[in-house]
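Enquirer: sequence and predicted structure are below.
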Amino acid sequence: MRIVLACLATAAFATPAFAQDEPAAEQAAVAEEASARLTVAVGGAWIPDYEGSDDNRWTPIPAANGTVAGMSFTILGNRASLDVIPEVAGKDWNFQLGPVAVINLNRTNRDAIDDPRVAALGEIDTAVEVGGYIGIAKTGILHDYDTLSASLSYRHDVTKIHKSGIFTPSVNYTTPLSTKALVSVFASAEIVEDRYARTYFGVTPAGSVASGLPVFRPEGGQKDITVGGFVTHAITGDLTKGLALIVGGTYKKLVGDFADSPLVSIAGSRHQWTGGAGLALTF
């Protein structure tokens, strides 16, 4: 779900650099307007019941994006981030740096899990993962208005639920097709530590008795690889102001011990498909 949310944010809140070829005074006006921009969005995502499940369900996704003292913030579902480096209008290169926090809701609600074997393993308390990210973006790859970005984030559980960390490298390409349409595609992966693997993908002897699944003790490492894309289309106004529709989806493949876990190989699937749609209003 975290990847779906991140990509919805990219599609909903990306602002193409349409002002780059305008006179300096007009660029300054656009920059001032962008600094006061606020986007609010609501949508839904078709996501697996748990990470590794072959059953999906709908979940709502509220979102908001704006600026504080020139710094951009994003709140999207269970994820929040802040870019403390202001983006400079008209510059080809932009750097990103700031904190990120995620509320991990994986397997926190037994009633939301259709498979009785996984439900029998019991609920896991909600984990709060806090960390930071660093990234770089280049505008003007194939034409004046597209952007290629790369980032790396690290989060660590501060609630002592899985007591471990998650690294997430990602690459994203965004291009406007017109003043009303924008496409974003991405690839990412998650690398997790041992305790994360055991908390969400392991089966203890007691869990095996309760669920009928075999005992399994995974180790950390690369958990998955994900690719996806989203399309944003302005319903009113253009991509910088008004109401827009966002539609897209992702494919994630679990790898290594995570794909071999009984929660995945027996009760679920290593192939994870998600979809999402929503409406975003930019002021």
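Expert: Sure thing, it's come through. Residues are numbered from 1 along each chain as shown.
Enquirer: just the strands in the stretch 1-150 of the chain please.
Expert: For the stretch 1-150 of the chain, the strands defined by DSSP state E, counting those that start in this stretch cover 39-48, 56-68, 71-76, 79-83, 93-104, 127-139, 147-157.
Enquirer: those strands: which one's closest to Phe283?
Expert: For the strands of the stretch 1-150 of the chain, the distance to Phe283 is smallest for strand 39-48, at 7.5 Å, taking CB to CB. Heads up, the C-betas are built off the backbone N, CA and C, glycines and all.
Enquirer: quick one: least confident helix or strand in this structure?
Expert: Between all helices and strands in the chain, the lowest mean by mean pLDDT, DSSP states H and E belongs to helix 24-35, at a mean of 44.
Enquirer: need the contact list for Ser170.
Expert: Ser170 sits next to Ala6, Ala150, Ser151, Leu152, Ser153, Phe186, Ala187, Ser188, Ala189 when contact means CB atoms under 8 Å, 6 or more residues apart in numbering.
Enquirer: just flag the most distant two among the residues you listed.
Expert: Longest span within the contacts of Ser170, CB to CB: Ser153 and Ala187, 14.7 Å.
Enquirer: give me the more crowded residue out of the two.
Expert: More crowded of Ser153 and Ala187, by other CB atoms under 10 Å: Ser153, with 23 against 13.
Enquirer: hmm, Phe167 and the more buried one touching each other?
Expert: Yes. With contact defined as CB atoms under 8 Å, Ser153 reaches Phe167; the gap is 7.3 Å.
Enquirer: so who does the closest residue to Lys138 other than its chain neighbours touch?
Expert: Spatial nearest neighbour of Lys138, excluding adjacent residues (CB to CB, 6 or more residues apart in numbering): Leu148 at 5.2 Å. By CB under 8 Å, 6+ apart, the residues touching Leu148 are Ala137, Lys138, Ile141, Val171, Asn172, Tyr173.
Enquirer: burial count for Asp125?
Expert: Neighbour count of Asp125, defined by other CB under 10 Å: 12.
Enquirer: Pro214 too?
Expert: 11.
Enquirer: what about the residue lying closest to it once chain neighbours are set aside, how many neighbours?
Expert: The shortest distance from Pro214 to any non-neighbouring residue, by CB to CB, 6+ apart, is to Pro262 (5.5 Å). Pro262: 23 surrounding residues under other CB under 10 Å.
Enquirer: so how far is Ile225 from Pro262?
Expert: Counting by CB to CB, to the nearest Å, the gap between Pro262 and Ile225 amounts to 21 Å.
Enquirer: please apply the same query to Pro86.
Expert: Counting by CB to CB, the gap from Pro86 to Ile225 is 32 Å.
Enquirer: Gly131 too?
Expert: 21 Å.
Enquirer: of the two, who's got more company?
Expert: Legend: neighbour count by other CB under 10 Å for Gly131 and Ile225, higher for Gly131 (18 against 14).
Enquirer: who's that one bridged to?
Expert: Val100, Arg155 (DSSP bridges).
Enquirer: tell me where the stretch 101-250 of the chain has helices.
Expert: 116-119, 194-201, 205-211 (DSSP state H, counting those that start in this stretch).
Enquirer: tell me the most buried of the ones you listed?
Expert: By mean neighbour count, with neighbours taken as mean count of other CB atoms under 10 Å, helix 194-201 ranks first of the helices of the stretch 101-250 of the chain at a mean of 22.
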